[in-house]
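> quick check, what structure comes out for this input:
(4 chains, ligands or ions: 4)
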2 protein chains.
Amino acid sequence: MKILSFAEENYLKAVYHLSNAGELDVTTNSIAEEMDTKAASVSDMLRRLSEKEMVVYKKYQGVKISEKGKTAALQVIRKHRLWEVFLVEKLKFNWDQVHEIAEQLEHIKSPLLIQRLDDFLGHPKFDPHGDPIPDENGLFKEKPQVPLAEVEVSGDGIVVAVKDTNSMFLQHLDRIGIYLGAKTKVTEKVEFDGSMEILIDGKNKLFISKEVAENVLVTH
Amino acid sequence: MKILSFAEENYLKAVYHLSNAGELDVTTNSIAEEMDTKAASVSDMLRRLSEKEMVVYKKYQGVKISEKGKTAALQVIRKHRLWEVFLVEKLKFNWDQVHEIAEQLEHIKSPLLIQRLDDFLGHPKFDPHGDPIPDENGLFKEKPQVPLAEVEVSGDGIVVAVKDTNSMFLQHLDRIGIYLGAKTKVTEKVEFDGSMEILIDGKNKLFISKEVAENVLVTH
DNA sequence: AAATAAAATTAGATTAATCTAAAAAATATT
DNA sequence: AATATTTTTTAGATTAATCTAATTTTATTT
Ligand SMILES: [Mn+2]
Ligand SMILES: [Mn+2]
Ligand SMILES: [Mn+2]
Ligand SMILES: [Mn+2]
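Ligands and ions are numbered 1, 2, ... in the order given. This is a model prediction of the structure:
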């Protein structure tokens, strides 16, 4: 199993995420959009990844990630999320500042480094956005979660993750007082625009938009 | 000031080191040897670095690093050494294991990350091999140091750095019990082969070869 | 079932970084 | 001073990763 380039790792990660953990086939255009490149570049890369048996690729039919590719993608994701934990827990970054830096750190090649980092962090199971951290074998357990938007009136839960990890969205959550671990209770739902009223930790009343409700995930 | 590629950063670092902190001119061949590439590749890169005004380059005359280039090189060196401290102090790596990983980490681009890492480590002034860590402005203070080989009989000192940071050499020092901070006293010098007898911490008698004596640096 | 539109691939360029082999310049040796 | 040797640069290829424009394949709509 040869070493992958940064670009190859990034494409594999994109294919993995777009395929819902390797289940579905992924289209060229969706990869191009996700990675902010052109479809022509994607076709080219898919051919190369296919030669390395990281994906199963039939021209005009899209790709599916292979077992080998999934393993590789999960190791990159593991590194990304462990570094995000490091940045927040040890270097005092805010959860909206860590993704870009982790995009760089995830490509550092040293299995021993990641093992030691994992030890140092106390083997965290989730990153600062609530996403699960795969272990050395690529195994992980997702918390059962549902968007706030789907919770009934008077239903309660705990914020366990965010769907969108865009910096602006996370800063907005900070501003209105939503954070991982917060207790939520839906007190009112507005049919018309999908907005809702919720109670945070039993005391703070909040009105949130449909967009927020759809991107905040709570226990279920 | 645009962003430099990994390759450009590595060449700049090599030029800086070979020039004795930017003093001397550096030859194409010496760079090729240091970087384990061919002279043709070096010529090519020097032309590009010259266009970016990182070095002053006259064909067939060698290069000198520019002020701009020195600043860039020192920031990479700062990152390299801070990461080495992190690896040893926080992740429990041995001093012979950190250089290769730091070669990767030194290219991560995020001024804030380095600032926070520096805070987290308590603003160390020296790396695990005794080399000084430049500050944000590229300033640093070298400890006055001299190779053990140049110390007179009965002269004492403290190990402050190693000249060679090769893994094999460092492991050898571990094995014979020489470490940064060790107290040394030269008890005998053998003219013929440059070897010597020393006393570590006033109690361990050691015979060391010329090679070792030349690469262990003590206070002076 | 044709025609049209959309999606994906190929053709051909470009840039960075590398190499080998050939040419040119500088240095050293007779 | 002429010749030989060493050092450095240039010429020409190669590989990875990207792009635009043209072409081909698939999907959708009349
Ligand atoms: Mn992230
Ligand atoms: Mn994350
Ligand atoms: Mn080092
Ligand atoms: Mn060092």
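> and the gap between the most centrally placed residue in chain A and chain B?
Centroid check for chain A by CA atoms, centre = their mean gives A:Asp131 as the closest residue, at 5.6 Å. Distance, A:Asp131 to chain B, by CB to the nearest CB, to the nearest Å: 21 Å. All C-beta spots, glycine's among them, are computed from the backbone N, C-alpha and C.
> phi and psi next, for that residue.
Here is the backbone geometry of A:Asp131 (degrees, to the nearest 10): phi -80, psi 140.
> wait, it sits on A:Lys163?
No - at 9.9 Å, A:Asp131 and A:Lys163 do not qualify as touching, with contact defined as CB atoms under 8 Å.
> may I ask you to name the longest helix in chain A?
helix A:67-89 (DSSP state H).
> any buried residues in it, and which?
A:69-88 (16 or more other CB atoms under 10 Å in any protein chain shown).
> just the mean pLDDT for the helix or strand that that helix is followed by, thanks.
Downstream of helix A:67-89, the first helix or strand assigned by DSSP states H and E is helix A:99-105. The average pLDDT within helix A:99-105 is 98.
> export the helix or strand just after helix A:99-105 to CSV, keeping only CA atoms.
Heading C-terminal from helix A:99-105, the first helix or strand you meet, by DSSP H and E, is helix A:111-121. C-alpha atoms of helix A:111-121 as CSV (Å, rounded to 0.1, in the frame of the first residue of the first chain):
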residue,chain,number,x,y,z
PRO,A,111,1.3,6.5,12.6
LEU,A,112,3.3,6.8,15.8
LEU,A,113,2.5,10.5,16.0
ILE,A,114,-1.2,9.9,15.8
GLN,A,115,-1.0,7.1,18.4
ARG,A,116,0.8,9.4,20.8
LEU,A,117,-1.5,12.3,20.1
ASP,A,118,-4.5,10.0,20.8
ASP,A,119,-2.9,8.9,24.1
PHE,A,120,-2.1,12.5,25.0
LEU,A,121,-5.8,13.5,24.4
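> list of residues touching the helix or strand following helix A:111-121?
Using DSSP H and E, the next helix or strand after helix A:111-121 towards the C-terminus is strand A:145-147. Applying CB atoms under 8 Å, 6 or more residues apart in numbering or on different chains, the contact partners of strand A:145-147 are A:130, A:157, A:160-161, A:163, A:213-220.
> filter those residues to the buried ones?
Buried among the contacts of strand A:145-147 by 16+ other CB under 10 Å: A:Gly130, A:Gly157, A:Val160, A:Ala161, A:Ala213, A:Glu214, A:Asn215, A:Val216, A:Leu217, A:Val218, A:Thr219.
> ok so, going back, which among the contacts of strand A:145-147 gets closest to chain B?
A:Gly130 (22.6 Å; CB to the nearest CB).
> surely the closest one touches A:Ile158?
No - using CB under 8 Å, A:Gly130 makes no contact with A:Ile158, being 10.4 Å away.
> mark out where each domain of chain A begins and ends.
A:6-65, A:79-137, A:146-219 (automatic domain parsing).
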